[in-house]
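Novice: can't give you the sequence, but here's the structure:
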């Protein structure tokens, strides 16, 4: 496996999905690659926490 460049679906910024992250996703059984960069994931999580959602 090699690092992959992915474009964030929220901000359009390109981010790297590292080989180590890919191994982690595979180990956890996740089938989909991340669609958001770390900043957008953090912002979305904070937004959901403020709305009372727990994820």
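Specialist: Arrived safely. Nothing here was measured: the structure is a model prediction, and the numbers come from that model. Numbering: from 1, shown residues only.

Novice: pLDDT weak spots in the protein?
Specialist: For the chain, the stretches flagged by pLDDT under 70 are 53-55.

Novice: Show me the strands in it, by range?
Specialist: Using DSSP state E, the strands assigned to the chain run over residues 4-7, 14-17.

Novice: Give the buried residues for the last one.
Specialist: Within strand 14-17, the residues that qualify as buried are 15, 17, counting by 16 or more other C-beta atoms under 10 Å. C-beta here means a position set from N, CA and C on the backbone, and glycine is covered the same way.

Novice: partners of that strand in the sheet?
Specialist: strand 4-7 (antiparallel) (DSSP bridges).

Novice: Contacts made by the strand it pairs with with the rest, please.
Specialist: With C-beta atoms under 8 Å, 6 or more residues apart in numbering as the test, strand 4-7 has contacts from 13, 14, 15, 16, 17, 22, 33, 34, 35.

Novice: Give me the distance between the fourth one and residue 22.
Specialist: Okay, so that is residue 16. 11 Å (C-beta to C-beta, to the nearest Å).

Novice: Not counting sequence-adjacent ones, nearest residue to the most centrally placed residue in the chain?
Specialist: Nearest residue to the geometric centre of the chain (C-alpha atoms, centre = their mean): residue 34, 3.6 Å. Nearest in space to residue 34, with sequence neighbours left out and distances taken as C-beta to C-beta, 6 or more residues apart in numbering, is residue 17 at 6.3 Å.

Novice: Contact partners for the one you found?
Specialist: By C-beta under 8 Å, 6+ apart, the neighbours of residue 17 are 3, 4, 5, 6, 33, 34.

Novice: Swap in 7 Å and give it another go.
Specialist: Residue 17 sits next to 3, 4, 6, 33, 34 when contact means C-beta atoms under 7 Å, 6 or more residues apart in numbering.

Novice: From those residues, keep the buried residues only.
Specialist: Among the contacts of residue 17, those buried by neighbour count (16+ other C-beta under 10 Å) are 6, 34.

Novice: okay, the contacts of residue 17 in TSV with distance to residue 26 next?
Specialist: What follows is those, written out as TSV (distance: C-beta to C-beta, whole Å):
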residue	distance to residue 26
3	14
4	13
6	16
33	11
34	13
